[in-house]
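*Asks:* sequence plus predicted model, see below.
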Amino acid sequence: MKNYDSYKDSSVEWVGEIPSHWGISRLANNGKFYKGKGVSKADLTIDGLPVILYGDIYTKYKLKTELLDRRIPVDIAENSFAIETGDLLFAASGETPDEIGKCICYIGESVAYASGDVIVYRQNINNSIFLSYLFNSYKVNEQKAKLSKGEIVVHIYSGQLRDIFFPLPPLDEQTAIAHYLDRKTAEIDELISDKKRLLQLSEEEKTAIINQAVTKGINPDVPMKDSGIEWLGKIPEHWEMKRFKYYFNLITEKVEEDLPKIGLENIESKSGKFIETDSDFAGQGVIFRPKDILFGKLRPYLAKVWIADFNGQAVGDFYVFRSKEDVISEFAKYRILDSSFIEVTNSSTYGSKMPRVNWEFIADLLIAFPNIQEQQSIVHNIESECALIEAKITKTEKLIELLTEYRTALISEVVTGKVKVIE
């Protein structure tokens with residue numbers, strides 16, 4: 001890639017200089033805006049005609065699509081707005097300014113419809129795929145975010161979009177740029193997908209190491225015995241089996257002092273990691289101390305388990321377990337996070353909409369533990385092996401971040417004429 005031969009001032013602050021033969025245009029001067037008509041999720045059906053909801057624009061699709069997953073009955077479609085091939089579809093509502101104004105280009109041949117809070121931009125002068133790259137580029141997204149209104153639900157309107165100025169090359173150059181970006185972004189996306197698959201494999205490797213260690217130990221030659229409990233299976237023959245309540249105390253003491261509140265959203269699923277949030281939880285919680293284990297009893301399949309490292313209060317759907325003298329908390333955390341424990345507790349939940357596991361069920365579960373010395377050895381082994389995997393995960397996550405940043409920068413540089421991609 002190289003620069004164009006000569007540049008000129010665009011007179012648009014965020015654009016800066018553009019190639020001398022490019023122009024500056026305004027959305028309102030290149031097409032017309034239309035508004036999608038009300039379609040709710042209750043209207044959706046398995047059969048019918050394709051439709052797009054505003055949330056689909058920033059959750060389901062990237063820059064273009066020829067297929068729409070949703071369907072509505074014919075009688076509802078008749079009262080909705082029909083979109084055409086080449087239309088640009090903007091999300092008019094969202095939860096954050098980053099979601100607002102994201103657009104996709106519809107390139108399908110079949111008749112399709114736009115729901116409410118979808119702004120349809122129809123033009124037949126320029127290359128719609130080029131425009132989709134341009135209108136989703138970093139700098140244009142900044143402009144849309146500045147124009148958005150609202151806090152809890154954020155909105156943007158066609159009256160605001162129409163006044164966005166943007167750089168515009170000749171049509172043949174638009175087409176060439178769109179083809180180039182299609183090819184390059186596909187290559188980058190494939191690299192990102194490969195790295196994400198590697199992340200998944202690393203996480204699976206880490207989980208397998210932990211599960212094996214806390215259920216079978218770290219000595220491959222240790223004699224095993226049948227526990228007689230289906231969910232436990234075979235266990236090392238020297239491990240002791242007792243009911244859960246003999247290894248842990250359930251803490252129910254309410255807080256009488258001003259301590260930090262922890263809710264389910266503060267605990268990452270399946271990892272045991274703490275997540276900082278700005279949430280302000282209502283109500284009085286159950287006190288916890290360092291080394292206590294918080295276990296999310298609501299939807300236990302989410303596996304929200306955390307060892308406390310400060311004094312606080314657990315708000316809402318947590319059980320607070322305190323290990324007795326023959327269990328170390330670090331081993332207990334890994335054992336409770338094990339898939340077999342999560343599955344058996346999840347199988348016992350009550351309540352269809354908000355399924356919870358009952359303490360009495362957990363308390364009576366038979367579970368096997370080694371002695372303290374072996375628990376410490378197992379924890380040390382887990383932490384040593386997982387540290388190596390975590391290092392690989394961190395490196396892979398950084399590569400994904402760099403590739404994503406490169407993709408964003410590439411699109412922005414190309415569609416604004418900062419670099420030349422055609423001869």
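*Replies:* Great, that's in hand.
*Asks:* surely residue 235 and residue 241 touch.
*Replies:* Yes. The pair residue 235 / residue 241 is scored as a contact, 7.4 Å apart, by CB atoms under 8 Å. (Each C-beta comes from the backbone N, C-alpha and C, glycine too.)
*Asks:* neighbour count winner among the two?
*Replies:* It is residue 235, of residue 235 and residue 241, that has more neighbours when counted by other CB atoms under 10 Å, with 23 against 15.
*Asks:* direction included, what does the helix or strand containing the more buried one pair up with?
*Replies:* Counting by DSSP states H and E, the element that carries residue 235 is strand 234-236. Its sheet considered, strand 234-236 pairs with strand 224-226 (antiparallel) by DSSP bridges.
*Asks:* list of residues touching the partner strand?
*Replies:* Contacts with strand 224-226, where a contact means CB atoms under 8 Å, 6 or more residues apart in numbering, come from 216, 233, 234, 235, 236, 237.
*Asks:* common neighbours of residue 235 and residue 241, please.
*Replies:* 227, 368.
*Asks:* per-residue pLDDT of the residue nearest the centre of the chain, please?
*Replies:* With distances taken as CA atoms, centre = their mean, residue 59 lies nearest the centre of the chain, 9.9 Å away. What the model reports as pLDDT for residue 59 is 86.
*Asks:* closest one to residue 20 out of the contacts of strand 224-226, please.
*Replies:* residue 216 (70.8 Å; CB to CB).
*Asks:* how about the closest one, what does it touch?
*Replies:* Residue 216 neighbours (CB under 8 Å, 6+ apart): 222, 224, 234, 235, 236.
*Asks:* and which of these is nearest residue 171?
*Replies:* So of the contacts of residue 216, ranked by how close each gets to residue 171 (CB to CB), first place is residue 234, at 69.9 Å.
*Asks:* can you map out the strands along the stretch 51-200 of the chain?
*Replies:* Per DSSP state E, counting those that start in this stretch, the stretch 51-200 of the chain carries strands over the ranges 64-65, 70-72, 81-83, 88-91, 93-94, 103-106, 112-114, 118-122, 154-155, 165-168.
*Asks:* swap that for the stretch 201-350 of the chain, sorry
*Replies:* 224-226, 234-236, 240-243, 248-251, 261-262, 286-288, 293-296, 305-307, 312-314, 318-323.
*Asks:* dump those into JSON lines; add mean pLDDT and distance to residue 97 as well.
*Replies:* Converted to JSON lines, those look like this (pLDDT from 0 to 100; distance: least, CB to CB, whole Å):
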{"stretch": "strand 224-226", "mean pLDDT": "95", "distance to residue 97": "57"}
{"stretch": "strand 234-236", "mean pLDDT": "96", "distance to residue 97": "53"}
{"stretch": "strand 240-243", "mean pLDDT": "95", "distance to residue 97": "52"}
{"stretch": "strand 248-251", "mean pLDDT": "96", "distance to residue 97": "42"}
{"stretch": "strand 261-262", "mean pLDDT": "92", "distance to residue 97": "28"}
{"stretch": "strand 286-288", "mean pLDDT": "95", "distance to residue 97": "37"}
{"stretch": "strand 293-296", "mean pLDDT": "97", "distance to residue 97": "31"}
{"stretch": "strand 305-307", "mean pLDDT": "97", "distance to residue 97": "32"}
{"stretch": "strand 312-314", "mean pLDDT": "93", "distance to residue 97": "32"}
{"stretch": "strand 318-323", "mean pLDDT": "96", "distance to residue 97": "33"}
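*Asks:* how about these, which one is nearest residue 42?
*Replies:* strand 293-296 (30.9 Å).
*Asks:* that closest one - contacts with which helices or strands?
*Replies:* strand 305-307, strand 318-323, helix 329-337 (3 or more CB pairs under 8 Å, 6 or more residues apart in numbering; DSSP states H and E).
*Asks:* mind putting those in TSV, distance to residue 413 included?
*Replies:* Output for these, formatted as TSV (distance: least, CB to CB, whole Å):
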stretch	distance to residue 413
strand 305-307	43
strand 318-323	48
helix 329-337	44
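*Asks:* distance to residue 343 and mean neighbour count added to the ones you listed, as JSON lines?
*Replies:* What follows is these, written out as JSON lines (distance: least, CB to CB, whole Å; neighbours: other CB atoms under 10 Å):
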{"stretch": "strand 305-307", "distance to residue 343": "14", "mean neighbour count": "23"}
{"stretch": "strand 318-323", "distance to residue 343": "17", "mean neighbour count": "22"}
{"stretch": "helix 329-337", "distance to residue 343": "12", "mean neighbour count": "23"}
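*Asks:* tell me which of the ones you listed lies nearest to residue 115.
*Replies:* Of all those, strand 318-323 comes closest under CB to CB, at 38.8 Å.
*Asks:* how big is the angle separating that closest one from helix 329-337?
*Replies:* 130 degrees (axes from the mean of the first three to the mean of the last three CA atoms, to 10 degrees).
*Asks:* show residues contacting strand 318-323.
*Replies:* 247-252, 262, 264, 285-289, 291-297, 314, 329, 332, 336, 359, 362.
*Asks:* what comes up buried for stretch 40-55?
*Replies:* 43, 44, 48, 49, 50, 51, 52, 53, 54, 55 (16 or more other CB atoms under 10 Å).
*Asks:* including distance to residue 132, could the strands of the stretch 201-350 of the chain go into CSV?
*Replies:* Formatted as CSV, the strands of the stretch 201-350 of the chain follow (distance: least, CB to CB, whole Å):
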stretch, distance to residue 132
strand 224-226, 59
strand 234-236, 57
strand 240-243, 60
strand 248-251, 55
strand 261-262, 43
strand 286-288, 50
strand 293-296, 41
strand 305-307, 43
strand 312-314, 47
strand 318-323, 45
